[in-house]
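Chemist: Quick one: sequence plus predicted model below, questions after.
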Amino acid sequence: MHVTGVQTWALPICREAEGIFVAGLDEATVGYITTSTDSEAGIGSIPNLAVDARVRGQGIGRQLIAHALSPFRSLGLSHAARKRGV
């Protein structure tokens with residue numbers, strides 16, 4: 001299954017709005033991922049990743065991660081980390 005689109009979604013309260021990506025499937029939002037970068041340290045972070053339980057196991061999370069890592073590579077970041085909640 002292929003997600004119909006992963007797009008950047010901007011919110012006025014977001015620290016780095018260009019780092020929010022939303023996955024759509026059949027005109028419905030089915031997942032999202034948020035990213036942040038620390039260029040000085042050469043690190044990109046993924047603090048949030050969620051996929052609708054009804055469509056898990058179909059590669060949507062994997063596609064979101066791949067999409068999120070692309071800007072990290074473009075910025076020449078040496079590491080990417082998945083931050084987990086407390």
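Modeler: Received, thanks.

Chemist: how close does Thr35 sit to Glu27?
Modeler: To Glu27, Thr35 is 25 Å away according to Cβ to Cβ, to the nearest Å. Just so you know, the C-beta spots here come from the backbone N, C-alpha and C atoms, and that holds for glycine as well.

Chemist: These two: which has the busier surroundings?
Modeler: With neighbours defined as other Cβ atoms under 10 Å, Thr35 and Glu27 compare such that Thr35 has more, 22 against 7.

Chemist: and the gap between the spatially most central residue of the chain and Glu40?
Modeler: Centrality entry for the chain: nearest residue to the mean C-alpha point is Ile33, 2.9 Å, by Cα atoms, centre = their mean. Note on Ile33: its distance to Glu40, by Cβ to Cβ, is 23 Å.

Chemist: Likewise for Ala81?
Modeler: When Ala81 is compared with Glu40 (using Cβ to Cβ), they lie 15 Å apart.

Chemist: Also Asp26?
Modeler: Plainly put, Asp26 is 41 Å away from Glu40 if you go by Cβ to Cβ.

Chemist: Helix or strand with the lowest mean pLDDT in the protein?
Modeler: Least confident element among the helices and strands of the chain, by mean pLDDT, DSSP states H and E: strand 5-8 (a mean of 55).

Chemist: Let me see the confidence value for the residue of the chain positioned farthest from its centre.
Modeler: Here the chain reaches farthest from its C-alpha mean at Glu40, the gap being 20.8 Å by Cα atoms, centre = their mean. pLDDT for Glu40: 87.

Chemist: Am I right that it sits in a strand?
Modeler: No: read with DSSP: H, G, I helix; E, B strand; the rest coil, Glu40 is coil and lies in no strand.

Chemist: Show the backbone phi and psi for it.
Modeler: Glu40 adopts backbone torsions of phi -60, psi -40, taken as degrees, to the nearest 10.

Chemist: hang on, the earlier thing: please name the bridge partners of the residue nearest to the centre of the chain.
Modeler: Phe21, Leu49 (DSSP bridges).
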